[in-house]
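Enquirer: What follows is a predicted protein model with its sequence.
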Amino acid sequence: MTKPATALQRKPKKSNIRLEPDALNLQSLESIAAELKARTEEAVANAVLGRVEAIEATEKKSFSEKGILILAVKKHDLWAKASTPFASFNAWMGSKGDDCRASRFASMRAVDHANGKGLSAEECEKMPRFSMSMIPKLPKAYLDKPETREALRTMDENSLVEKVQRECPEAHIEHNGFWKLKPTESQRQIYLRVINRAMERFDLSSREDALEAVLIEIDQTWDKEDWDRDEAKGKGASA
């Protein structure tokens, strides 16, 4: 007698119950609960999952699309040609606040590096933001491998970081840690101003890289000052 298949062994049945997400009210938890009472659970589940996937696809496209548009603003001086012109490109970049400025620079630089390394706009639109943020650090020879581009499109962040660490250690890609600061509002403004300037000064795509660059420069400056002070003390003692 054949043993019946377990739940894990059974293949899920393909459903023909499909509703366009726009046909349902998915604006709140309450409205989704109401849809579950008014329709079959399967139909609502398909619609909700489909909407999540659509949003994720839009997020990928919007990051690269924003970068392309910002590059156009810079290349053609569109900041000076609008109905309400700005004093400079940097003035426009920061016109919506420091958070927006950092996001604009990140998307612009990621797309700029991607274009310079031979990735098409269509390829960039299929990559999540964390993959796009890695591109400036990856050598072109490594990016040219089909399996690398496939990984940039399809792998989750942790798996992608581990793959790159194994295959391309010279890129110095690392896992992101969590470090919580609690600055006052005035301190936060200073942090963001310095980090945004560092992103521009060092041509970096992320705040974390910018903060590292600032701290390294400060550390090297202090090392030099300490060295010069010790040298001066040594000369004074020998005089």
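Expert: Cool, got the structure.

Enquirer: Where do the helices of this protein begin and end?
Expert: Ranges of helices in the chain, per DSSP state H, are 29-38, 41-75, 89-93, 98-116, 121-125, 129-134, 140-143, 146-154, 157-167, 185-201, 207-238.

Enquirer: what sits against the residue sitting nearest the centre point of the chain?
Expert: Closest to where the C-alpha atoms of the chain average out (Cα atoms, centre = their mean) is R129, at 3.6 Å. Going by Cβ atoms under 8 Å, 6 or more residues apart in numbering, R129 touches E59, K60, F63, A110. Where you see a C-beta, it was placed from the backbone N, CA and C, and this is true even at glycine.

Enquirer: TSV for the residues you listed, including pLDDT, distance to A87 and neighbour count?
Expert: Below are the contacts of R129 laid out as TSV (pLDDT from 0 to 100; distance: Cβ to Cβ, whole Å; neighbours: other Cβ atoms under 10 Å):
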residue	pLDDT	distance to A87	neighbour count
E59	76	32	11
K60	74	33	18
F63	85	27	22
A110	87	26	25
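
Enquirer: Out of these, which is nearest to L69?
Expert: Proximity to L69 was ranked across those by Cβ to Cβ; first place goes to F63, at 11.2 Å.

Enquirer: my guess is the closest one meets R109, correct?
Expert: No. Assessed by Cβ atoms under 8 Å, F63 is found out of contact with R109, at 11.7 Å.

Enquirer: Output the helices of the chain in TSV, with distance to K81 appended to each entry.
Expert: Shown next, in TSV, are the helices of the chain (distance: least, Cβ to Cβ, whole Å):
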stretch	distance to K81
helix 29-38	43
helix 41-75	10
helix 89-93	11
helix 98-116	18
helix 121-125	23
helix 129-134	28
helix 140-143	34
helix 146-154	35
helix 157-167	39
helix 185-201	22
helix 207-238	29
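
Enquirer: what sits up against stretch 144-153?
Expert: 118-119, 123, 126-127, 131, 134-135, 138, 142-143, 160, 163, 167.

Enquirer: change it to 7 Å
Expert: For stretch 144-153, the surrounding residues in contact (Cβ atoms under 7 Å, 6 or more residues apart in numbering) are G118, E123, K126, M127, S131, Y142, L143, L160, K163.

Enquirer: Chain neighbours aside, what residue packs nearest to the second one?
Expert: Nearest residue to E123 in three dimensions, chain neighbours excluded: R149, at 6.6 Å (Cβ to Cβ, 6 or more residues apart in numbering).

Enquirer: Distance of R229 relative to S64?
Expert: In this structure, R229 lies at 49 Å from S64, with Cβ to Cβ, to the nearest Å as the measure.

Enquirer: Those two: which is more packed in?
Expert: Using other Cβ atoms under 10 Å as the criterion, R229 and S64 rank with S64 on top: 23 against 10.

Enquirer: gap between the more buried one and D228?
Expert: Separation of S64 from D228 (Cβ to Cβ) stands at 47 Å.

Enquirer: cool, and L49?
Expert: Counting by Cβ to Cβ, the gap from L49 to D228 is 63 Å.

Enquirer: Likewise for K75?
Expert: 43 Å.

Enquirer: Check P128 too.
Expert: 47 Å.

Enquirer: who has more neighbours, the two?
Expert: The neighbour count for P128 versus D228, taken as other Cβ under 10 Å, is higher for P128 (18 against 10).

Enquirer: ok, now which ones touch the closest residue to the more buried one other than its chain neighbours?
Expert: Among residues not flanking P128 along the chain, K60 sits closest, at 5.7 Å (Cβ to Cβ, 6+ apart). By Cβ under 7 Å, 6+ apart, the contact set of K60 is E125, K126, M127, P128.
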